[in-house]
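Asker: Provide a 3D model corresponding to the input given below.
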Amino acid sequence: MIVTVTLNPCIDKSSKVEKMKPESKLRCAEVVHEPGGGGINVSKALKKLDTASFALFPAGGHNGAMLQSLLKKDGLLHHAVNTEVETRENWIVLETSTNNQFRFTFPGLSVEEKAIVALIDDIKAFAPTYIVASGSLPPGLPPYFYGLIVKTANALGAKCIVDTSGEALEALRGRNAFLIKPNIGELCKLLGKDYIDKADVPHAARQVLHDGFAEMAAVSMGPLGAWLVTKSEQFFAPAPEVPKRSTVGAGDSMVAGITYMLQKGGNLLDAISMGVACGSAATMNEGSQLFNAEDAFRLYHEVRQNV
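Answerer: Here you go, the predicted model:
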């Protein structure tokens, strides 16, 4: 069983407008509501790959109820811990005249710590083999909470994949997750460097692994592709050229592709190839629709040949 954990879920609201103009009334297209947040996006992506997962998250208020309703409508297994605060929302607006995308991401309200602790305790009831903890932390929550999820996973014998940033990522030092997914900028911050040459990424990632962050690191290089690095191996998967319409959910799609292949028993080369394929396929769709499975599998074979 794969369990995804989203500590700061949201409702993603997307629309289109011909041109963004200041001080003007903008005539937008119909609003599309979708369940969002790191781990929830991973669950949505896994479902597209015909792989079941259970999404765990805190939820409250009108948006929290809508979030659960949308997940139920999409047929996604989920468990929500009720909170006393309103679940946040994000806005994505596509400017059709330029194909530029504007992403308005809001922090949300502080979630009571006891709700997050209860959520982490609930993980144990699912006896997961993989735990994917992804996304930002709610305001006011200490950065060590992802470390608690890793500790819970290790106690259960589960493999914990963490995709976060900032202090929450830095707090994973010595926690020994199974896999982390920093981009090259986040990798620089973990090592206290202003710049890392692309050719030096495997060596830099290995330093992070020796600092106890994880057993392996998938380092996203944006449109170039991604590295998957362990203490003894490294693979680079180049990103295929695709028409880009939206970057929303591309990182979560990458995590889903890696998780999908690993839980199927694929090797590391297969895993990073599928991760890059899913991430690239996600950029081909508008809004937060993630990817089409047909595109992901087609791109996987293309990426796999070029690793």
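
Asker: do you have the strands of the stretch 151-300 of the chain handy? List them.
Answerer: Chain-ordered strands for the stretch 151-300 of the chain, with DSSP state E, counting those that start in this stretch as the definition, fall at 159-163, 177-180, 214-220, 225-230, 234-238.

Asker: turn these into TSV, columns for mean pLDDT and mean neighbour count.
Answerer: For the C-beta atoms, the positions are set from N, CA and C on the backbone; glycine is no exception. Formatted as TSV, the entries for those read as follows, by pLDDT from 0 to 100; neighbours: other CB atoms under 10 Å:
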stretch	mean pLDDT	mean neighbour count
strand 159-163	98	26
strand 177-180	98	24
strand 214-220	98	24
strand 225-230	98	24
strand 234-238	97	21
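
Asker: export the ones you listed to TSV and tack on distance to residue 17?
Answerer: Supplementary listing: those in TSV, determined by distance: least, CB to CB, whole Å:
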stretch	distance to residue 17
strand 159-163	30
strand 177-180	37
strand 214-220	29
strand 225-230	32
strand 234-238	34
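
Asker: looking at those, which is closest to residue 117?
Answerer: For these, the distance to residue 117 is smallest for strand 159-163, at 17.0 Å, taking CB to CB.

Asker: pull the number of nearby residues for residue 113.
Answerer: By the other CB atoms under 10 Å criterion, the neighbourhood of residue 113 contains 13 residues.

Asker: I figured it hits residue 144, correct?
Answerer: No: contact between residue 113 and residue 144 fails when scored by CB atoms under 8 Å: they sit 11.3 Å apart.

Asker: can you list contacts of the worst-scoring helix or strand of the chain on mean pLDDT?
Answerer: Ranking every helix and strand in the chain by mean pLDDT, DSSP states H and E puts strand 100-104 at the bottom, with a mean of 90. Contacts to strand 100-104, defined as CB atoms under 8 Å, 6 or more residues apart in numbering, come from residues 20, 90-95, 246-248.

Asker: narrow those to those in strands?
Answerer: Secondary structure from DSSP state E places 90-95 of the contacts of strand 100-104 in strands.

Asker: ok, those residues vs residue 56, which is closest?
Answerer: The shortest separation between residue 56 and any of the ones in strands among the contacts of strand 100-104 is 19.8 Å, and it belongs to residue 90 (by CB to CB).

Asker: my guess is the closest one contacts residue 12, does it?
Answerer: Yes: checked against CB under 8 Å, the pair residue 90 and residue 12 is within contact range at 5.3 Å.

Asker: of the two, which one has the most company?
Answerer: Set residue 90 next to residue 12 and count neighbours by other CB under 10 Å: residue 12 wins out with 24 against 19.

Asker: ok, back up a step: as TSV, the ones in strands among the contacts of strand 100-104 with distance to residue 107 and pLDDT would be great.
Answerer: TSV is the format used below for the ones in strands among the contacts of strand 100-104 (distance: CB to CB, whole Å; pLDDT from 0 to 100):
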residue	distance to residue 107	pLDDT
90	10	94
91	13	93
92	16	90
93	19	93
94	23	91
95	24	93
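
Asker: show me where the stretch 201-307 of the chain has helices.
Answerer: For the stretch 201-307 of the chain, the helices defined by DSSP state H, counting those that start in this stretch occupy 201-210, 250-263, 268-282, 293-306.

Asker: to residue 60, which of these lies closest?
Answerer: Ranking the helices of the stretch 201-307 of the chain by proximity to residue 60 (CB to CB) places helix 250-263 first, at 22.3 Å.

Asker: you'd agree residue 2 is up against residue 49?
Answerer: No: taking CB under 8 Å as the contact criterion, residue 2 and residue 49 are not neighbours in contact, 10.8 Å apart.

Asker: which residue packs closest to the residue sitting nearest the centre point of the chain, ignoring adjacent ones?
Answerer: Taking CA atoms, centre = their mean as the criterion, residue 252 is the residue nearest the geometric centre of the chain, at 3.0 Å. Leaving aside its sequence neighbours, residue 252 sits nearest to residue 41 (CB to CB, 6 or more residues apart in numbering; 3.6 Å).

Asker: quick one, what contacts that neighbour?
Answerer: When contacts are counted by CB under 8 Å, 6+ apart, residue 41 is found next to 134, 249, 252-253, 256, 288, 290.

Asker: ok, residue 276 touching residue 227?
Answerer: No: Residue 276 is not in contact with residue 227 according to CB under 8 Å; the separation is 10.1 Å.
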